[in-house]
Each structure stands twice: as structure tokens, then as C-alpha cells.
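*Asks:* Next comes the sequence, and after it the predicted model I'd like to discuss.
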Amino acid sequence: MSQRVGDEAVTKAMGEIRSGPSSRRHGDTLPHIHRVGSPPKQTLFKEIKDSVAETFFPDKPLNNFKGKSFFGIFVLALQSLFPILEWGRDYNLKKFRGDLISGLTIASLCIPQDIAYAKLAHLDPQYALYTSFVAPLVYAFMGSSRDIAIGPVAVVSLLLGTTLSDEISNIKSHEYLRLAFTATFFAGVTQMLLGVLRLGFLIDFLSHAAIVGFMAGAAITIALQQLKGFLGIKNFTTKTDIVSVMRSVFQAAHHGWNWETIVIGLAFLIFLLVTKYIAKRNKKLFWVAAISPMISVIVSTFFVYITRADKKGVAIVRHVKKGVNQSSASEIFFSGKYLGAGIRIGVISGMVALTEAVAIGRTFAAMKDYALDGNKEMMAMGAMNMVGSLTSCYVATGSFSRSAVNHMAGCKTAVSNIVMSIVVLLTLLLITPLFKYTPNAVLASIIIAAVLSLINIKAMILLWKIDKFDFVACMGALFGVIFKSVEIGLLIAVAISFAKILVQVTRPRVAVLGKLSGTTVYRNVQQYPKAAQINGMLIVRVDSAIYFSNSNYIKERILRWLSEEEVQRTASGLSGIEYLIVEMSPVTDIDTSGIHAFEELYKSLQKRKIQLILANPGPIVIEKLHASKLTDVIGEDKIFLTVADAVSTFGPNEV
């Protein structure tokens, strides 16, 4: 007897176990019941400091500057702002060989794509070429991705075209062009601020499902818009919804379609799709798909020139301005009635462009196993669009098709963007007049072939299999784009993403647990139907933090379960419930509303003569339980490290 008392005194002094009459009743099952530890006290300032640091500075960017001289800090700051100064020191001829091939390959792809994408934005072709000259140069010095190919993209071009034309219907007016530069400037400002203020986590609120649906809807809308050039229709709707587009197409069927244009468009669309299929089947032949748009432009332009098909109704580009960018700094609206529209369109297009670029960058960074700094990417994107807005460019971002080609061509660094930029510059200086006879039907075919890859059927099927709510979000964004507009589709995508967060926060999962035979493990009875519930006890687990938004639901859900279980057990001839055990290991945090909900739960249980027991509250939770004195109300002897400890202490003898 004296030995047992001595042992208990030692273990109590060490703070490792808690023993008492009730636990000794089942001492053979669990000889030691460990107490729930409390974390060290933290001041309010330290809590706020830690929260801010984890939210905005999880990568601890200032660690590299510790212990450095002023000159060393200056060099590191320059390298942080311009990563090329860091990786450029190890650059060699072998890397340049890969970058040269990649740069030439993506240039052959981007030039015809740029001319086509400019039409989506309702801008002259040279502005897209200007964008592929200036933006890649800026990004090469400031970006952290080795694989992203920078330039205009279809989705952003369409978004700009629809939003700008809603403000200024005369797309040929100088004000329309000025508004495009203004939107580009504020898109860059938005992206730069997100990087400087380290708010990149905001773009993560647009879920993967919403992005899949938005991109697919935008791709379908873009493809439908190309029916004007593909069919040779002169009078075409300015709206983007599928109903308006198809009405416009069928109304022109009897007199507005041009059969020569259809033949040209269909022939080269088949050619482009065949080359994409070949490249997909054999990765080594990626270059076939990469150069096919340029081949299409060259062949179709030559064909139209020698046959003078333009005089038979085949619409052609007619003019691409020769020369380099002109300054557009004085063209940006910094006041007046279009300033608000420029800011609004800039913020929307900047966020969409940034979302696409970060998704592309993360994909290729994971494939090559290198770190991608999201905040540096935002600053690089912001800088290139701000500079671009001053040099006659419109919003640029990472292109998935060009980035994929860049990757497969063997790019080593961002120098491939510099090579592409130089090729585009030479094109602007020397050969733009040669695009005069390029048929619009071929440009339409190039866009259709490019955007088809944005429709990810496999991802949609996977969403349906994994999460029906994600599938609804995907379809909502898709149908919003194709039946209304790109902006509405984007709004639906954001709204559904937030709705999902709200549902998960306000209606968290609460599970009833049972014991797996032959173990002391307790699991969800729905997942493990053979898990046995303990006689006289109801064990529940809350799978969420407990906040003001869900605390009342959790309390009421537990009480409903308790009532249902009591009815079922009474009907089965089992004893009533005497103990409610709440397993709290998934509860990462609890606020005052959550504490209040537990106080009310405790009072409700007292009226029913049921004891409340808590199992494994985390460090933050147990600290707040102590601070609120709720532990005194419930009782320290009712708080356990595990469910098994609680059952061993208060459960029936046969457990």
C-alpha cells in the first residue's frame, strides 16, 4: 500500500500523470492517464506579432539580411528585386543554347497568336506585338519563374475587350485606346500592391473548381467569337453571350457567310488540330505544334496574295503598323469620367491575369522542383504591366500554351523571354507589312485551336467524383460566362468560392465516434460501422475551429444527436446516456462565442443529469478554457488527453 502511495506522489510531482479513485478502477486497462498540458502564457503583443508574421511573412524574407553589412544588405535587396542578378552569375553558354532554342520556338508561336489576340481586345495588332516586346523584358529581370512565357493571353484579351467596349462602344476611338492603357496601368498597380503588401493569399480565394469553370466558359466564348472571322461575317454582335452570338451567326447564314473564308478557316483549323494531336502523342515533336501557327500565317498569307482572295470577300488584316512602341504615358486617364472605369477594369483584369500566371508558375516550378516566390511574381507582373502601360502595351501575363512549349523546348532560365522579345522587336522593325494579306479566318483558327486546351473535361469529371459542391461551382462559373458575360462568370466564380468557405465555416462536420474492437481507438461510426458505441456514453468529435459563426450550430447539433441517441438506446433496452465526451483534437481555435456555447451546452446537460467531458483540447483551446474559467465549471477531472482515458475513467467496467 505504501509503495502505491509513493508511486502516486512521484508521478504527481513530475506532472506527467493524473491518478484518482476513478482511474484506479480500471488501472489494468490504462495504468497511466496523462494530463492535458497548457502552453506557456503569451502576451497580446506577441500573439498579434506571430499572427501577422505567419499571415504576411511566412517565408521570413528578412532572415537573409541578418548580420550583413550595409553593402551586403544593398546587394541582397537588389538580388531580391531583380533575381537575374543572382542566377545570372552562374549563367553559361550551355544554358543559353537551351534558352535560344526555346525563345525562337515561342516567338514563332506568339507572333501569330498576338495578332489574333489583339482582335479579342478590339485593338490593332501592333499593340499585342508591343506587349510581347516590352513585358517579357521586364519580367526576365524581375520574375522568379524559369518557364513562364509572357505576353497577351486569350482570356485577359477577351475580358478587356468586353469590359472596355461596355464603357466606350466606339472601339476605334482614341478614348478606347486610352482606357485600355489606363486599365493596364491600374492592373499593374493592383499586382504590385499585392506583392509589396504581401497579400498574395487573396488570389487563393478563387478555388480550383471556379478557375476550371471560368477558363472553360471563357474558352467557349472566345471560340464562338471567332465565328465572325471563321465564317466571314461582316455584321456581328458585340455581345459575348452564346444566345446573342448564335443568333447573329444564323441571321447571317443566308447572305453573310463567305464560302472562300470558310474553306480557308476550316483547312487551317484541321491542320492546327492535327499538329497539336501529333505533339500530344509524341512529346519530342512539340515543335510541330509550336511552329504550325506561323506556318499557317505564312502559307495563308501567300495564298491570299497570289489569288487576291481579299477581292472575293475574304477579310484580311490589312495593316500592322511598323516600328517600335511609342510612349503612352500621356494617354493614361488620371482624372476625368473614365478614371473610375479604368481602375475597376484594371483591378479585375489584373487579378485574373495574376491568378493565371501564378497557377502556371506553380505548375512548372513543381515539375522542375524549384521554389517560386509568389510575392516576387506579383511585383514582377505589376512592374511589367505598369511599364507596359507607358509604352503602348496592354495587360500581359503568363501564357499556358507558350509556357508549355517553352518548357518542352528546354528553356533553362527567363532568358528565353528575352530571346522572344528580341525576335518580336525584329518583326516590328522589319516584317510587319508582310502580314497585310493574312486572312482573319486563319487568325480565328489559331485562337480556336489555342483555347480548346482551356476546356478541361477530365478535371470537370474529377470534380464531380470528388466534390459535388466544387462541380456546382465549376458549372456556375462556366454557364455564367457563356450565357451572360465574362465579368458575370468571374463574379459567380468568386461568389461560389466564398459560399463554399461560408458553408464549411458555418456548418462544420460533427461526427459520432465508436470504439474499434480490440483497440483503444475511437473513430467515426459512419466510416467504421462496426465501431461500437460505449454504453452510457455518447462520444462526438467536432471537425472545425469553433467560432461565432458556427458555435450555436455545433451546440444544437450535439444536443439533437443526444436526444436522438437517447430515444434509440431507450428503445433498444440500453441504459441512458450519462456522459457526453467531446473529442476536440481537430478544434484548432475557439472564440468567446464558442466558450459561451460550451457554457450553455454544459447547463443543458446538467438539466438532463449528463456529465460533459472534453478530450484532447489543443494548446490554444485549453489556454482559452482556463482563461474563461470554463475548466473550473466543467471540472479539471473532466478534461482528458484521449477519449480512451475518459472512457477508462468513467466508462463501464467491461470496456
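*Replies:* Great, that's in hand. Residues are numbered from 1 along each chain as shown.

*Asks:* So, low pLDDT: which residues of the protein?
*Replies:* Applying pLDDT under 70 to the chain flags residues 1-35, 37-65, 67, 653-655.

*Asks:* State which helix of it is the longest.
*Replies:* helix 339-368 (DSSP state H).

*Asks:* on contacts alone, who are the packing partners of it?
*Replies:* Applying 3 or more Cβ pairs under 8 Å, 6 or more residues apart in numbering; DSSP states H and E, we find helix 339-368 packed against helix 154-167, helix 174-196, helix 374-389, strand 397-399, helix 400-408, helix 486-506. For the C-beta atoms, the positions are set from N, CA and C on the backbone; glycine is no exception.

*Asks:* which residues touch the fifth one?
*Replies:* Helix 400-408 has contacts (Cβ atoms under 8 Å, 6 or more residues apart in numbering) with 102, 105-106, 109-110, 113, 147-149, 151, 153, 283, 286, 289-290, 356, 360, 364, 367, 416, 450, 453-454.

*Asks:* for the stretch 451-600 of the chain, what spans make up the helices?
*Replies:* For the stretch 451-600 of the chain, helices defined by DSSP state H, counting those that start in this stretch occupy the ranges 457-466, 468-483, 486-506, 551-571, 592-607.

*Asks:* buried stuff in the longest helix of the chain?
*Replies:* 341-343, 345-361, 363-365 (16 or more other Cβ atoms under 10 Å).

*Asks:* just to revisit the earlier point, among the helices and strands packed on helix 339-368, which is the most enclosed?
*Replies:* strand 397-399 (a mean of 29; mean count of other Cβ atoms under 10 Å).

*Asks:* Show me what that one is packed up against.
*Replies:* strand 149-151, helix 339-368.

*Asks:* List the pairing partners of that strand within its sheet, with orientation.
*Replies:* strand 149-151 (antiparallel) (DSSP bridges).

*Asks:* now the partner strand, how far from the centre of its chain.
*Replies:* Per Cα atoms, centre = their mean, to the nearest Å, the displacement of strand 149-151 from the mean C-alpha position of its chain is 19 Å.

*Asks:* what does that strand rub up against?
*Replies:* 106, 110, 113-114, 128, 131-132, 135-136, 139, 143, 384, 396-399, 402-403, 405-406, 416-417, 420.

*Asks:* likewise stretch 582-594?
*Replies:* Contacts to stretch 582-594, defined as Cβ under 8 Å, 6+ apart, come from residues 513, 522, 539-548, 551-552, 554, 558, 612-618, 620-621, 624-625, 628, 643.

*Asks:* what about it, start to end distance?
*Replies:* 13 Å (Cα to Cα, to the nearest Å).

*Asks:* Report the buried residues of it.
*Replies:* The neighbour-count check on stretch 582-594 (16+ other Cβ under 10 Å) flags 582-585, 587, 590, 594 as buried.

*Asks:* CA atoms only: put stretch 419-438 into PDB for me.
*Replies:* Coordinates of each C-alpha in stretch 419-438 appear next as PDB, following Å, rounded to 0.1, in the frame of the first residue of the first chain:
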ATOM      1  CA  VAL A 419      15.200  36.000 -76.900                       C
ATOM      2  CA  MET A 420      11.400  36.000 -77.800                       C
ATOM      3  CA  SER A 421      11.300  39.700 -77.100                       C
ATOM      4  CA  ILE A 422      14.200  40.400 -79.500                       C
ATOM      5  CA  VAL A 423      12.500  38.300 -82.200                       C
ATOM      6  CA  VAL A 424       9.300  40.300 -81.800                       C
ATOM      7  CA  LEU A 425      11.300  43.500 -82.000                       C
ATOM      8  CA  LEU A 426      12.900  42.500 -85.300                       C
ATOM      9  CA  THR A 427       9.400  41.500 -86.500                       C
ATOM     10  CA  LEU A 428       8.100  45.000 -85.700                       C
ATOM     11  CA  LEU A 429      11.000  46.700 -87.300                       C
ATOM     12  CA  LEU A 430      11.300  44.600 -90.500                       C
ATOM     13  CA  ILE A 431       8.400  42.300 -91.500                       C
ATOM     14  CA  THR A 432       5.000  43.600 -90.100                       C
ATOM     15  CA  PRO A 433       4.000  44.900 -93.600                       C
ATOM     16  CA  LEU A 434       4.100  41.200 -94.800                       C
ATOM     17  CA  PHE A 435       1.100  40.400 -92.500                       C
ATOM     18  CA  LYS A 436      -1.100  42.700 -94.600                       C
ATOM     19  CA  TYR A 437      -2.800  39.900 -96.600                       C
ATOM     20  CA  THR A 438      -3.100  37.500 -93.600                       C
END
